[in-house]
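Novice: sequence and predicted structure below; questions after.
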Amino acid sequence: MRLTDLQQLFAEHGIRPNKKLGQCFLIDDNIARWIVDQAEIGPDDVVVEVGPGAGALTRHLAGHCRKLVLVEKDAKLAALLKERFVDLDSVEVIHGDAVEYDVRPLFLDGPVKLIGNLPYSVGNEILRNFLSPPSPVESAVVMVQKEVAERLCAKPNTKDWGILGLMIQERWEPGFLKTIGPQPFFPRPEIDSSIVKLTKRPTGSVSTHCPQVFESIVRRGFAQRRKQLRKNLGIDADAWAAIVDALGVSSYVRAEELSLRQWVDLSNLAEPHPAGVHAQSGDEIFDVVDENDQVIRQEKRAVVHAEGLLHRAVHVFVFNRAGELYLQKRSLLKDTHGGKWGSSCSGHVDGGETYVESVVRELEEELFLCPKESPEFLGRLPAGPETDQEFVEIYRTTGKSSAIRYHGNEIEAGGFFPLELVDRWIVARPDDFTPGFRSCFLEARSLLGAGMTD
Ligand code: SAM
């Protein structure tokens, strides 16, 4: 949109640019089209545009994708966008704050592409809201202030390498695309802007770790940039000597000298997952049971599966105080159902173990949760082809987000979801879930509370 057209539009709608909302509108249509091209949007894509403003990017998106969600905080601009795109059913305008926007319903639409010329003051917060795991976003093209773009794409041993770059690069591959001066904006900003593309990294490409520990180590490590890393982390000298030896760095190393991979390795070495990393082994021993679920003997896991022998498993549903259910997205490194969403945790009952003992062990091994109350029995599934010959008992317990830790070997992401959303998600995209979770959820659903849709 040219400057004169924009000014006329604003005059007609009584709009004046609001500095507090970071309103600098793009008035060069070639640049707008170029930005949209970088997102490589196809007709099947679902796209979220944050801060669409008067629609500089939107006009190149609307009608070119399956669904376009516009999140705009300014009421007058949101109204203008509704008016402008009223004829397109595929465009949904949301008058809201993208920092607090609940991204979870987007999972119903499948992977989403994020695009936006972000308001400078809250650009980082918007990225955190949309890109922190579990994120429905598969790629993002965003314009941010140049200085932020440099930090997002930074490399070790530079002044820009820090918490923002590490927290994004842990899961996203950044590409610095272009810098634009103040000229093509109205009003003109005082600084340069840069466009960055973020693409989801494949699971395990950095090496697996516990994301919660990684974040805490990175934040502590960069607490004082000039200080030696060991002092920031408060690790004792002997433990530190072993860590720097394994990392191949000097014991006087500073935070900005470590690469992403070294930070990941450091977090694994400094705070190994308390339950260790549980590689599945064909030598694990399971109880083999008869058709009445009575133990008849024990056998190695590999034999149990190869011969289709009846055995036992548990699924656990963890709820938070809001009554939301924790779902885990299985790591692509798992040998079965990698990348699918499943119960909060689940696993085989070990030889000699009861179902409840197995629930308690799995909660600690997979999520590092040790609930005080005993798990509550919700239901059971008979063994058969649908359960891979497992008798399954389903339990519920409670837990807080802040208490949960998981290991990247096992889980790619996890989060609490309202039951009504899970009801709709399972219907809309059944293949997003493991068959085991679907059966257990269906079996136990009537006991879990309101909200089931038909
Ligand atoms: N996309 C438009 C363009 O390129 O011309 C406008 C970009 S302007 C830099 C930022 C836009 O984000 C403005 O429309 C502003 O009202 C909107 N905005 C500011 N804070 C927001 C927030 N927290 N959530 C959603 N939109 C916001």
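Specialist: Happy to help now that I have it.
Novice: enumerate the residues of this protein near the ligand.
Specialist: Counting by C-beta under 6 Å from any ligand atom, the residues of the chain close to the ligand are 21-26, 50-53, 56-57, 71-74, 77, 97-99, 117, 119, 122. For every residue, glycine as well, the C-beta is placed using N, CA and C.
Novice: buried ones among those residues?
Specialist: 21-26, 50-53, 56-57, 71-74, 77, 98-99, 117, 119, 122 (16 or more other C-beta atoms under 10 Å).
Novice: so which of those residues belong to helices?
Specialist: Counting by DSSP state H, these place residue 77 in helices.
Novice: show the pLDDT at residue 241.
Specialist: Residue 241 is assigned a pLDDT of 97 by the prediction.
Novice: quickly note the distance from it to residue 249.
Specialist: 12 Å (C-beta to C-beta, to the nearest Å).
Novice: give me the more crowded residue out of the two.
Specialist: Set residue 241 next to residue 249 and count neighbours by other C-beta atoms under 10 Å: residue 249 wins out with 17 against 13.
Novice: on the three-state scheme, that one is what?
Specialist: What DSSP: H, G, I helix; E, B strand; the rest coil gives for residue 249 is coil.
Novice: pretty sure residue 269 sits in a helix.
Specialist: Yes: under three-state DSSP, residue 269 sits within a helix.
Novice: verify the stated contact: it with residue 246.
Specialist: Yes: between residue 269 and residue 246 there is a contact at 5.9 Å, judged by C-beta atoms under 8 Å.
Novice: the two - which one has more neighbours?
Specialist: More crowded of residue 269 and residue 246, by other C-beta under 10 Å: residue 269, with 18 against 13.
Novice: read off the pLDDT value for that one.
Specialist: So, for residue 269, pLDDT stands at 93.
Novice: what sits closest to it if chain neighbours are left out?
Specialist: Distance criterion C-beta to C-beta, 6 or more residues apart in numbering; nearest residue to residue 269, sequence neighbours excluded, is residue 243 at 4.8 Å.
Novice: which SSE is the one you found in?
Specialist: Using DSSP states H and E, residue 243 sits in helix 237-247.
Novice: what helices and strands are in contact with that helix?
Specialist: Packing partners of helix 237-247 (3 or more C-beta pairs under 8 Å, 6 or more residues apart in numbering; DSSP states H and E): helix 260-270.
Novice: next, the angle from the helix it packs on to helix 237-247.
Specialist: On the basis of axes from the mean of the first three to the mean of the last three C-alpha atoms, to 10 degrees, helix 260-270 is oriented at 140 degrees to helix 237-247.
Novice: now helix 260-270: buried residues?
Specialist: Quick answer for helix 260-270 (16+ other C-beta under 10 Å): 260, 262-270.
Novice: and which of these is nearest to residue 383?
Specialist: Among the buried residues of helix 260-270, residue 268 lies closest to residue 383 (C-beta to C-beta), at 37.5 Å.
Novice: residue 428 is in contact with residue 46, isn't it?
Specialist: No: with contact defined as C-beta under 8 Å, residue 428 does not count as touching residue 46 (12.0 Å).
Novice: looking at those two, which is more packed in?
Specialist: Under the criterion of other C-beta under 10 Å, the comparison of residue 428 against residue 46 puts residue 46 first, with 20 against 12.
Novice: over to the more buried one: give its phi and psi.
Specialist: Dihedral pair for residue 46: phi -110, psi 130, per degrees, to the nearest 10.
Novice: now residue 174: which helix or strand?
Specialist: strand 172-180.
Novice: paired strands for the very next helix or strand once past that strand, with orientation please.
Specialist: With elements assigned by DSSP H and E, the helix or strand that comes after strand 172-180 is strand 185-186. Strand 185-186 has the following strand partners under DSSP bridges: strand 25-26 (antiparallel).
Novice: and the strand it pairs with, how far out from the chain's middle?
Specialist: Taking C-alpha atoms, centre = their mean, to the nearest Å, one finds strand 25-26 lying 30 Å from the centre of the chain it belongs to.
Novice: can you name every helix or strand that the helix or strand following it contacts?
Specialist: Per DSSP H and E, the first helix or strand lying C-terminal to strand 25-26 is helix 29-38. On a contact count with 3+ C-beta pairs under 8 Å, 6+ apart, helix 29-38 meets helix 58-61, strand 112-117, strand 137-145, strand 172-180, strand 193-200.
Novice: and among those, the most buried is which?
Specialist: strand 112-117 (a mean of 25; mean count of other C-beta atoms under 10 Å).
Novice: neighbouring contacts of that strand?
Specialist: 24, 26, 35-36, 39, 41, 45-53, 56-57, 61, 65, 98, 106, 126, 130-131, 136-143, 193 (C-beta atoms under 8 Å, 6 or more residues apart in numbering).
Novice: tell me the contacts of residue 66?
Specialist: Going by C-beta under 8 Å, 6+ apart, the list of residues near residue 66 reads 43-46, 90.
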